[in-house]
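Novice: Sequence below, structure please.
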Amino acid sequence: MKITTKLIAAGALIACAGASFAQNSPPPELRNVVQLSATGTVEVQQDLLVLNLATSKEAADAATVQTQLKQALDAALAEAKRNAQTGQLDVRTGTFGLYPRYGKDGKINGWQGRAELVLEGRDFARITATAGKIQTLAISNVAFGLSREARAKVEGEAQTQAIEQFKARAAELAKGFGFSNYSLREVAVNSNEMVPGPRPRMMAMEAKAGSFSDSAVPVEAGKAQVIVNVSGSVQMR
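Specialist: Modelled structure (predicted):
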């Protein structure tokens with residue numbers, strides 16, 4: 001009985017040693033594997049307008065500044081919500097903050113604050129006309145982009161381009177190295193949006209509130225590029 005126990009224990013030790021050796025042994029060296037990437041690009045008209053309106057206030061105490069900002073924002077919200085329509089003109093508030101103002105002696109000698117309202121959507125005429133009617137805030141920034149619907153519509157096309165280019169390049173490389181074919185090992189797909197040319201900038205000076213009264217702000221969208229990148233490795237064989 002003791003001999004049997006010793007034999008079993010010895011067999012267990014040998015099995016553990018074999019498993020440990022297998023775990024510690026280096027992975028087999030990869031051979032005939034090549035890394036490559038390909039890109040698909042589709043240009044599309046921007047269909048989303050993001051218009052920021054803002055106002056700044058100053059006063060000797062924080063409560064006065066807060067009250068003034070709230071009044072300006074409430075009036076702007078009331079006007080904007082009258083024309084709001086999901087997807088066409090969405091309304092949301094932006095930054096609302098108060099900050100102390102310091103004198104030369106380092107002490108607080110007043111307060112200042114800023115409030116923002118954001119108009120966003122696909123109906124450019126509705127958005128700009130609404131902005132023109134808002135009396136208490138001024139336009140501070142205009143930007144364009146792609147709606148999710150427009151992006152999704154062309155993203156598939158860009159992805160197909162990238163995949164076809166990836167496959168063609170993999171076949172070309174395999175042939176160039178003297179192989180007849182290849183198999184896919186791993187792949188990653190990433191997409192992003194780029195706007196050619198200079199990006200929209202914050203206006204150097206905000207127009208005075210009411211200067212766009214009852215008049216639509218002129219805007220013109222450009223084009224964006226939806227880019228899909230496919231990268232990975234293939235096994236040549």
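
Novice: now stretch 126-139: how far from the chain's centre is it?
Specialist: 26 Å (Cα atoms, centre = their mean, to the nearest Å).

Novice: Apologies, that question was intended for stretch 84-104.
Specialist: 20 Å.

Novice: hmm, who's touching that stretch?
Specialist: 52, 54, 58, 62, 65-66, 69, 73, 77, 80-81, 83, 108-123, 126-127, 130, 147 (Cβ atoms under 8 Å, 6 or more residues apart in numbering). Glycine gets a C-beta too; all of them are placed from N, C-alpha and C.

Novice: Give me the buried positions along stretch 143-160.
Specialist: 143, 144, 145, 146, 150, 151, 154, 155, 158, 159 (16 or more other Cβ atoms under 10 Å).

Novice: returning to what we had before: mind checking which of the contacts of stretch 84-104 are in strands?
Specialist: Among those, the members found in strands (DSSP state E) are 52, 54, 58, 108-121.

Novice: any idea which helix or strand comes after the helix or strand of the chain with the lowest mean pLDDT?
Specialist: Least confident element among the helices and strands of the chain, by mean pLDDT, DSSP states H and E: helix 2-24 (a mean of 49). Using DSSP states H and E, the helix or strand that directly follows helix 2-24 along the chain is strand 33-45.

Novice: Show me the contact partners of that next one.
Specialist: With Cβ under 8 Å, 6+ apart as the criterion, strand 33-45 contacts 146, 150, 153-155, 157-166, 169-170, 173-174, 177, 185, 221, 223-236.

Novice: ok, it: who's next to it in the sheet?
Specialist: Paired neighbours of strand 33-45 in the sheet (DSSP bridges): strand 223-236 (antiparallel).

Novice: which ones are touching the closest residue to residue 186 other than its chain neighbours?
Specialist: Spatial nearest neighbour of residue 186, excluding adjacent residues (Cβ to Cβ, 6 or more residues apart in numbering): residue 232 at 4.9 Å. When contacts are counted by Cβ under 8 Å, 6+ apart, residue 232 touches 35, 36, 37, 166, 184, 185, 186, 187, 188.

Novice: now with 7 Å?
Specialist: With contact set as Cβ atoms under 7 Å, 6 or more residues apart in numbering, residue 232 has these partners: 184, 185, 186, 187, 188.
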